[in-house]
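A.B. asks: sharing a model that was predicted from the sequence below.
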Amino acid sequence: MELPSQYNAKEVEDKIYQLWEKSGFFNPDNLPTRHKKPFCIIMPPPNSNGSLHIGHALFVTLEDVMTRYQRMQGKKALWLPGADHAGFETQVVYDKKLEKEGRNRFQIPKDQLYQEILEFTLANKKVMERQLKKLGASCDWSREKFTLDENIIKVVYETFEKLKKDELVYKGKRIVNWCVKHQTSLSELELKYEDRTSPLYYIKYPFSDKNGFLIVATTRPETMLGDTAVAVNPKDEKYKGLIGRKIILPLTGREIEIISDDAIDKEFGTGAVKVTPAHDMVDFEIGQKHKLETIQIISNRGKIINSPEKYNGLNVEEARKKIVEDLQAEGLLEKVDSDYKNRVSLCYKCARVIEPMPLDNQWFVRMTAKPKSGKLSLRDSAVKAVKDKKIVFVPKRMEKIFLHWMKNLRDWNISRQITWGIPIPGDENGQVFDTWFSSGQWPFATLKSTKKGDFEKFYPTDVMETGWDILFFWVARMTMLGIYATGEVPFKNVYLHGLVRDKDKQKMSKSKGNVIDPLGVMDIYGTDALRMALVVGNTPGNDLAISEEKIKGYRNFATKIWNASRFVMMQTGNSKFEIRNPKQTLNSKDKKLIKDFKKIAKEVTKEMDEFKFYVASEKIYHYFWHTFCDKIIEDYKEKRVSQYVLLTLLSESLKLLHPFMPFVTEEIYQQLPIKKKQKCLMVESWPK
Ligand SMILES: [Zn+2]
């Protein structure tokens, strides 16, 4: 048998993927009987609202490497694929589409809008599946789940009911991060922060007895319309005698009190601050503690309300300008510090300044309260599991970050005001669950709704592989909800990858023109080349630099593998070797080469077991190029090495290479003149 003179990735890849699919081995139930011990990775469901980008290519490659390796190790390997409806994310993408068509979601009936977005999402989901296949993903498509599948929603509702019974869910009025443009509250994940220089206004608040002023500093004078107190720190000597005294709130004539609270920073401004419970998170908490009134003065459309007539209806910027003018006119503006540095929260999609705002009928999950039926809060059970090493982080340093973040948990607002999502049962306002509430249940929700027995067999799963940037938002929530709903951790290992950056370590963005489109480069250089470029040198938890040059380098490696295999096959012709049983006697050189290979295989295995794929891939790369091609083939040409050893070492090297470069290795294996125990390299035994 002879290989074509050139490796044509484009032709080979689709054919090989079909071969794998037809073999049925992506489904663990079809694996040969030697595969007994289960191994499971649940795929973080990609958003089905667009095309795959290089970040997707990275996680797909890493998870496929792990799955293929464990499958060859004889595990009953399940990699369960999924797709995410991605609530707000998709809503925003769809909003843009509507905008282009001259439509607006607020004018479309809710049911119709939902149906439209569903169709849009399902169409995108199909595209995404095709792209995952192009990347070589050896996941079990027969078990694919979508976050809006009926049986997934059922599991999500069961958890919600359990939380309610345990009195861990409550409804309340809370301050939420409101985006006026998108008309929804946002989680902390959906905010971005920007350092700005803003004017800091020093305003005189006259005492009720007209005996002087108290001066407060603020960057948002317009919110004074909703002030219900002025606060100072109890340890602040300057204000000791003033606590309890009354003040007349300028421009409104309303009387408010001076209170003291530990939360006040003595160093900010004058040390006396206005308290606006309706429009500031910290002020809301102070208000709750001191039983202050909450007066909402900014509407969810961003207009002034509940204020003196001349301000009502103005937008926030207009109101700020007018109020500063009026204070000046009344001689109540002490001074303006024009270059005060502060940090503002913005909507991560439209970059509008977030308006903290009170919202009624919000659903919350208590993170730090004990459930009625259990001993530990959601937070404490997750912390305990991590401290008990039931969950191991790769890299290790992420454990510390995880535990630190868990210390400062607030109750979780799980309601959203958008259309696209899982409806909250029993909510009169048609709100939906925060996407993270359902995706936080993904590992057990999927395994409970695929095949009977899957949950018992595959849960807890072996690895959760995802980006470190969603450690808190997703991994922490999966840990808490997983333990809460099932009594067991959802995964034993968490592998966190970094961000893919360009060769100068710059973030990839369309505007910089440095984006690498995975589909484009796979087309030119082949999928195996891209996969190697994404794995070699990629240490967990750190950002990865990638360039077209790097990908090209591994295309050359694929060519090298092909040419070496072609040479070996021309030498060995059609003779069918029984690989483990040489008919010829081996000379001492042969024996040494086999021994050397076993040492390499052992080292690679160790690195794989320790999640050091970046080392394992490089080792086998160097072995193949610099030992097998440069030395062993040359020795063979000088008749110092037997045919048997040449073929054996090629076939064994292909196995080590397979998890990283599945297509080229499988294609060669299919043509290899050896007696094969298996139909595919994919299910061959890992070299020992
Ligand atoms: Zn927005």
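C.D. replies: Perfect, I can see it now.

A.B. asks: check the stretch 351-500 of the chain for the residue nearest the ion and tell me.
C.D. replies: When distances are taken as C-beta to the ion, the stretch 351-500 of the chain reaches nearest to the ion at residue 352, 5.2 Å away. C-beta: built from backbone N, CA, C; applies to glycine.

A.B. asks: just give the nearest non-adjacent residue to that residue, would you?
C.D. replies: On the basis of C-beta to C-beta, 6 or more residues apart in numbering, the spatially nearest residue to residue 352 that is not a chain neighbour turns out to be residue 181, at 5.2 Å.

A.B. asks: could you point out which element follows the strand or helix carrying residue 62?
C.D. replies: Following DSSP states H and E, one finds residue 62 within helix 54-72. Scanning the chain past helix 54-72 towards its C-terminal end, the next helix or strand to appear is strand 76-80 (assignment: DSSP H and E).

A.B. asks: give me the angle between that next one and helix 54-72.
C.D. replies: Here strand 76-80 points in a direction 160 degrees away from that of helix 54-72 (axes from the mean of the first three to the mean of the last three C-alpha atoms, to 10 degrees).

A.B. asks: A strand includes residue 177, no?
C.D. replies: Yes - Residue 177 sits within a strand when classified using DSSP: H, G, I helix; E, B strand; the rest coil.

A.B. asks: quick one on the thing from earlier: from residue 301, how far out is the residue of the stretch 351-500 of the chain closest to the ion?
C.D. replies: Using C-beta to C-beta, to the nearest Å, one gets 12 Å for the distance from residue 352 to residue 301.

A.B. asks: identify the contacts common to the two.
C.D. replies: Between them, residue 352 and residue 301 share these contacting residues under C-beta atoms under 8 Å, 6 or more residues apart in numbering: residue 180.

A.B. asks: tell me who's in contact with residue 185.
C.D. replies: Residues 176, 177, 178, 179, 359, 362, 413, 415, 416, 417 are the ones in contact with residue 185 under the rule C-beta under 8 Å, 6+ apart.

A.B. asks: again, only using 6 Å
C.D. replies: For residue 185, the contacting residues are 176, 177, 178, by C-beta atoms under 6 Å, 6 or more residues apart in numbering.

A.B. asks: got the angle for the host helix or strand of residue 119 vs helix 54-72?
C.D. replies: With elements delineated by DSSP H and E, residue 119 resides in helix 110-134, which encompasses its position. Per the same axes, to 10 degrees, the angle that helix 110-134 makes with helix 54-72 is 60 degrees.

A.B. asks: in a helix, residue 199, correct?
C.D. replies: No - when three-state DSSP is applied, residue 199 is found to be strand, with no helix at that position.

A.B. asks: number of nearby residues for it?
C.D. replies: 14 (other C-beta atoms under 10 Å).

A.B. asks: hey, where'd the strands end up in the stretch 301-450 of the chain?
C.D. replies: Counting by DSSP state E, counting those that start in this stretch, the stretch 301-450 of the chain forms strands over residues 333-347, 355-365, 392-394, 412-413, 415-416, 432-433, given from the N-terminal end onward.

A.B. asks: show me what counts as buried in the first one.
C.D. replies: Using 16 or more other C-beta atoms under 10 Å as the burial criterion, the residues of strand 333-347 that qualify are 333, 345, 346, 347.

A.B. asks: ok now stretch 315-330, how far from the chain's centre?
C.D. replies: In terms of C-alpha atoms, centre = their mean, to the nearest Å, the centre of stretch 315-330 is found 43 Å from the chain centre.

A.B. asks: now it: average pLDDT?
C.D. replies: For stretch 315-330, the per-residue pLDDT values average out at 96.

A.B. asks: show residues contacting that stretch.
C.D. replies: For stretch 315-330, the external contacting residues (C-beta under 6 Å, 6+ apart) are 203, 221, 222, 251, 302, 303, 304, 311, 333.

A.B. asks: TSV for these, including distance to residue 20?
C.D. replies: Output for these, formatted as TSV (distance: C-beta to C-beta, whole Å):
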residue	distance to residue 20
203	70
221	65
222	62
251	72
302	54
303	59
304	63
311	67
333	73
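
A.B. asks: dump these to a markdown table, plus distance to residue 84 and pLDDT.
C.D. replies: Shown next, in a markdown table, are these (distance: C-beta to C-beta, whole Å; pLDDT from 0 to 100):
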| residue | distance to residue 84 | pLDDT |
| --- | --- | --- |
| 203 | 47 | 97 |
| 221 | 42 | 96 |
| 222 | 39 | 97 |
| 251 | 48 | 94 |
| 302 | 30 | 96 |
| 303 | 35 | 97 |
| 304 | 38 | 97 |
| 311 | 43 | 97 |
| 333 | 50 | 96 |
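
A.B. asks: which one of those residues is nearest the ion?
C.D. replies: residue 302 (11.4 Å).

A.B. asks: and the gap between the nearest residue to residue 196 once chain neighbours are set aside and the ion?
C.D. replies: Excluding the flanking residues, the one nearest residue 196 by C-beta to C-beta, 6+ apart is residue 344, at 5.5 Å. According to C-beta to the ion, to the nearest Å, residue 344 stands 14 Å off from the ion.
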